[in-house]
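Engineer: Pasting a predicted model and its sequence here:
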Amino acid sequence: MAIFQNEPDVWKRLDWAILKNGWTSLYWNMAVLENDLTWLEREQYAIVGFDCSTWTSGKVMHQQLRQKLSFPDYYGENLAALNDCLSELEIQESGLVVVFRHLDSIDTNQIHLLLDSFAHASRWHLLFGKRLMVLAQVDNANFKAAPVGACSIMWNMAEWLDSDRH
């Protein structure tokens, strides 16, 4: 079962644009992010947000992931447990959007591991017709992320050109 129809009107949708390029879209401008979140809310996506600037340690990150994503009590607060629990997420009809604000406030290696876990989970859920996307807001307009899930992380359509972020 396809999660989108193969029609030109569908190709203009925000969710289509994000998922066709991978599972994650980068944002620098908060207004652009808020505009896209408004569209996703109108389309009845569940949205879970995180402020990564509060993640003073991996433990704090995992505690917040556990709480906001309703992981079970046995969540082991490590990357293996994150991968397991992300694959078991309950995703409603429209889909789930996870928003990481100020993502570049944490360690680059941690960013990659986190986004790679979500990319793996998104691929998994797509197999069952469920949409899981990540919107990653960064404070550095020149932020570069290594590919995750064997896909490059693309800038959102409104900030695709470097000149749109300066």
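Structural biologist: Looks like it arrived, so ask away.

Engineer: Put the alpha carbons of stretch 85-100 into CSV.
Structural biologist: The C-alpha coordinates for stretch 85-100 follow below in CSV (Å, rounded to 0.1, in the frame of the first residue of the first chain):
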residue,chain,number,x,y,z
CYS,A,85,11.5,1.8,20.9
LEU,A,86,11.4,4.0,17.8
SER,A,87,10.4,0.9,15.8
GLU,A,88,7.6,0.3,18.2
LEU,A,89,6.1,3.8,18.2
GLU,A,90,2.4,4.1,17.7
ILE,A,91,1.9,6.4,14.7
GLN,A,92,-1.6,7.8,14.0
GLU,A,93,-3.2,7.8,10.6
SER,A,94,-1.6,11.0,9.3
GLY,A,95,1.8,10.5,10.8
LEU,A,96,4.3,11.7,13.4
VAL,A,97,6.7,14.7,13.1
VAL,A,98,9.5,15.0,15.6
VAL,A,99,11.0,18.5,15.9
PHE,A,100,14.5,19.1,17.2
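
Engineer: ok now it, how far from the chain's centre?
Structural biologist: 10 Å (C-alpha atoms, centre = their mean, to the nearest Å).

Engineer: can you list contacts of that stretch?
Structural biologist: 15, 33, 37, 40, 43-50, 52, 69, 71-72, 75, 114, 117-118, 120-121, 124-125, 130-137 (C-beta atoms under 8 Å, 6 or more residues apart in numbering). Yep, even glycine has a C-beta here, placed from its N, CA and C like the rest.

Engineer: Of the residues you listed, which belong to strands?
Structural biologist: 46-50, 132-137 (DSSP state E).

Engineer: can you put those residues in TSV and add pLDDT, neighbour count and distance to residue 8?
Structural biologist: Shown next, in TSV, are these (pLDDT from 0 to 100; neighbours: other C-beta atoms under 10 Å; distance: C-beta to C-beta, whole Å):
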residue	pLDDT	neighbour count	distance to residue 8
46	97	15	27
47	98	14	27
48	98	14	31
49	98	13	32
50	98	19	35
132	97	22	25
133	96	23	21
134	97	25	26
135	98	22	25
136	98	25	28
137	98	24	30
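
Engineer: okay if I get these as JSON lines plus distance to residue 91?
Structural biologist: Below are the ones in strands among the contacts of stretch 85-100 laid out as JSON lines (distance: C-beta to C-beta, whole Å):
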{"residue": "46", "distance to residue 91": "8"}
{"residue": "47", "distance to residue 91": "12"}
{"residue": "48", "distance to residue 91": "11"}
{"residue": "49", "distance to residue 91": "16"}
{"residue": "50", "distance to residue 91": "17"}
{"residue": "132", "distance to residue 91": "6"}
{"residue": "133", "distance to residue 91": "10"}
{"residue": "134", "distance to residue 91": "13"}
{"residue": "135", "distance to residue 91": "16"}
{"residue": "136", "distance to residue 91": "19"}
{"residue": "137", "distance to residue 91": "22"}
